[in-house]
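Asks: Just need the structure, nothing else, for what follows:
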Amino acid sequence: MANRGPAGMNDGALYLDRVAESCRALPESHRVVFLDVVNERGEYALADFVVPRSVDCDPAARELRERYLLARLNNLFVTFGGARLTVFSPREDGDLTRDLERALDRFDFDRPTNDRAGFGSFANYMARINRAAGLPAFTVAWRDIADFVPPDPAEKYRLFRGDRIGERRELLRRAAGELGGKLFVGLDVGGTSIKAAVVVDGRIAALYNLPWHPATFGHVHEMVDPILAISRMMAGAASLYLRDPGHPVFAEMRECGLEENLAAMTGRARRVAEALGAPARPLDGLVCGFPDIVIGGKVVGGEVYKMRGIRRRDPAGYDADFAAIMHLDDALRPLCREGGAVVVMNDGFITSNVVAVEKLFDPAGGLEDKCLLAHTIGTEMGTGVISPVGAEQDIPLEGYNWILDLGCGEEAFLDPDDVRSAANFNTAAPGTVQKIISQSGLIRLAVRNFQKRRPDRLDELLADGLLVWERREGRRLLVVGHEPRDRRGELVRRLAALLRDGDECVGDAYREMGMAMGVLIEAMGELLDGIELSRFVSGGVVAEDGCFAAFRDGLAAAYPDYGVTRIDTETTYSPLLGKLGCRDLGFLTAVGAAYVASRRSLENAAFPHGRTS
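Replies: From the prediction side, this is the model:
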């Protein structure tokens, strides 16, 4: 099976679209259908595909078929979750039935507690989502493919339904235009840093960045306390700005660098409080972009990489610990006035809502009735829905957990913490987006290329401490340096600098990431109806022009019909984000969160007993 991309790329890779294409080309095959009932409304998702017959499979082909079946199930569950699944397959092919059973067994659905590991982590959050919706435990039913009757298309789950577009679009426009006299705080909680912004009277009043590495935390308070502390500090800064917009504390906050830590932040918060000298005025809105599944304002996922240390410390007691994260909105509420907007939302969805606002102000025209996806390419890859009226998450839509590569070679068997490893941090599944289109993916692909073509580059990174060899449990791992601080951000900036100087190892890493984005667009298009074959992207990994250009070139070379647009100063038109310079582009989500808060404030005032969407 041929792979797309320039020579030197895709070593050992076997991308999902090529496997699907080969299966469709078989002279004889078996049809398999997964019918996943997604929610309490009975809406469904459908995966309908073909696989080789068992009689035509040698051992290697059968092993690949089982990996393909597992990938199909994985991608269905991480996109939609599910309340109940019906598997339709030719029951006379006993080996295929057994392969399907083995693939489903990997998710450990029969386990009664949410301390599953591996692929079972998805069953954990499916159970949390279903419990929050009042649904019973997930079930699986088996039927012969001859019994499959296509369900009613009207009941198929859709990311966007075009009802009341005019009314809802007007609410979005008002949210952007009615910032005057209001105090908003936005947080973008990432895996490498927390970015925070204050918007006062429609102006960007304060920006602050706190580097952190939450995956190393062992207790939930280590994650919650900094979020609350930054929120309190920024609320105080909003009131201080009203009185003294030129106070030096604002410049200090904006200029703090990689050496910033919790102790320094505590000192800054104290200086803000002393300068203010009085209780802060309650905020009109506070929005926290959290990198997890957030439905109805509650964090219901809990299986992301950032929670790994807390989850590992006490798997049996994790759900009790996780409650502090789940109800983060309640902890933030005291900072806002009565009727103010307190919103906890998936960070990718905040970004997608920001894009929806920007398209309203785009001189070239808005989205009309189109629906697109936006991806934040940072520590991981977040995914949000861009619709003409804004959107909120009601399914997992965990794009970073999609399995794209069924090959990976030896990289599949390395410890996930090794930068060369293709194994997912959470599930150990090889070939997921997490290790291809992300910070970890960039580092993995660049290091792979250095090893083969420029070992001197690898030596330089080791000499500078950006990469280090460590021995863990008897194994020798190549990891990102962490002395005197976590150095992931520095390593990404070094790779960007090398690309500026013409390094083709880094260029090819970005081009492969772009090509993999094409695989993801095509595969997601099979499951999600009505999604445009183009993407908006943002995030530190593609922030530099040369990095984004190489990423875009990789997509265009393999999938010329697909497009990708970066959210930057050339694609921001609204009064607020139009003031955000190139230097501060990393704060786009935190600043743009003011639009989400403004919209929610308008909804709270107009619809005190329930929002319009």
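Asks: Nearest residue to the middle of the protein?
Replies: Centroid-nearest residue in the chain: residue 382, 1.8 Å away (criterion: Cα atoms, centre = their mean).
Asks: Kindly give the local confidence score, pLDDT, for that one.
Replies: In the predicted model, residue 382 carries a pLDDT score of 93.
Asks: Verify the stated contact: it with residue 347.
Replies: Yes. Here residue 382 lies in contact with residue 347, judged by Cβ atoms under 8 Å, at a distance of 5.2 Å. (Glycine included, C-beta is placed from N, CA and C.)
Asks: who touches both of those two?
Replies: Jointly contacting residue 382 and residue 347 under the rule Cβ atoms under 8 Å, 6 or more residues apart in numbering are 291, 376.
Asks: which residues touch the closest residue to residue 398 other than its chain neighbours?
Replies: Setting aside the residues directly before and after it, residue 398 is nearest to residue 78 in space (Cβ to Cβ, 6 or more residues apart in numbering), at 4.3 Å. With contacts defined as Cβ under 8 Å, 6+ apart, the neighbours of residue 78 are 122, 396, 398, 401-402.
Asks: part of a strand, is residue 78?
Replies: No. Going by DSSP: H, G, I helix; E, B strand; the rest coil, the assignment for residue 78 is helix, not a strand.
Asks: What's the separation between it and residue 404?
Replies: For residue 78, the distance to residue 404 equals 12 Å [Cβ to Cβ, to the nearest Å].
Asks: go on, residue 14?
Replies: The gap separating residue 14 from residue 404 is 10 Å, by Cβ to Cβ.
Asks: and the residue nearest to the residue nearest to the centre of the chain when sequence neighbours are not counted, how many neighbours does it have?
Replies: Excluding its sequence neighbours, the residue lying closest to residue 382 (Cβ to Cβ, 6+ apart) is residue 348, at 3.2 Å. Using other Cβ atoms under 10 Å as the criterion, residue 348 is surrounded by 29 other residues.
Asks: does residue 348 sit in a helix or strand, and which one?
Replies: Remark: residue 348 resides in helix 347-361, with elements defined by DSSP states H and E.
Asks: Let me know the average pLDDT across that helix.
Replies: pLDDT averaged over helix 347-361 equals 92, rounded to a whole number.
Asks: Remind me what it packs against, helices and strands.
Replies: Counting contacts by 3 or more Cβ pairs under 8 Å, 6 or more residues apart in numbering; DSSP states H and E, the secondary-structure elements packed against helix 347-361 are helix 165-177, strand 183-189, strand 283-290, strand 372-377, strand 381-386, strand 534-538, helix 588-606.
Asks: quick one: the first one to helix 588-606, angle?
Replies: Regarding helix 165-177 and helix 588-606, their directions subtend 120 degrees when assessed with axes from the mean of the first three to the mean of the last three Cα atoms, to 10 degrees.
Asks: Just the CA trace of helix 165-177, in CSV.
Replies: Written as CSV, here are the backbone C-alpha positions of helix 165-177 (Å, rounded to 0.1, in the frame of the first residue of the first chain):
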residue,chain,number,x,y,z
ILE,A,165,-29.9,31.0,12.3
GLY,A,166,-30.9,34.6,11.9
GLU,A,167,-31.8,35.0,15.6
ARG,A,168,-28.8,33.2,16.9
ARG,A,169,-26.4,34.9,14.6
GLU,A,170,-27.7,38.3,15.8
LEU,A,171,-27.1,37.2,19.4
LEU,A,172,-23.5,36.4,18.4
ARG,A,173,-23.0,39.8,16.7
ARG,A,174,-24.4,41.6,19.8
ALA,A,175,-22.0,39.6,22.0
ALA,A,176,-19.1,41.1,20.1
GLY,A,177,-20.5,44.6,20.0
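Asks: can you tell me the average pLDDT over that helix?
Replies: For helix 165-177, the mean pLDDT works out to 89.
Asks: contacts for it?
Replies: Contacts of helix 165-177 with the rest of the structure, by Cβ under 8 Å, 6+ apart, involve 356-357, 360-361, 366, 369, 388-390, 574-576, 595-596, 598-599, 602-603, 612-613.
Asks: can you do 7 Å?
Replies: 356-357, 360, 369, 388-390, 574, 595, 598-599, 602, 612-613 (Cβ atoms under 7 Å, 6 or more residues apart in numbering).
Asks: same check, this time on the last one
Replies: Around helix 588-606, the neighbours that count as contacts under Cβ under 7 Å, 6+ apart are 171-172, 174-176, 178-179, 184, 186-188, 195-197, 199, 204, 284-287, 289, 339-341, 343, 345, 347, 350-351, 353-354, 357, 390, 538, 567, 576-577, 580, 611-612.
Asks: tell me which residues in that helix are buried?
Replies: By neighbour count with 16 or more other Cβ atoms under 10 Å, helix 588-606 contains the buried residues 588-604.
Asks: The shortest one now?
Replies: Applying a neighbour-count criterion of 16+ other Cβ under 10 Å, one finds 535-538 buried in strand 534-538.
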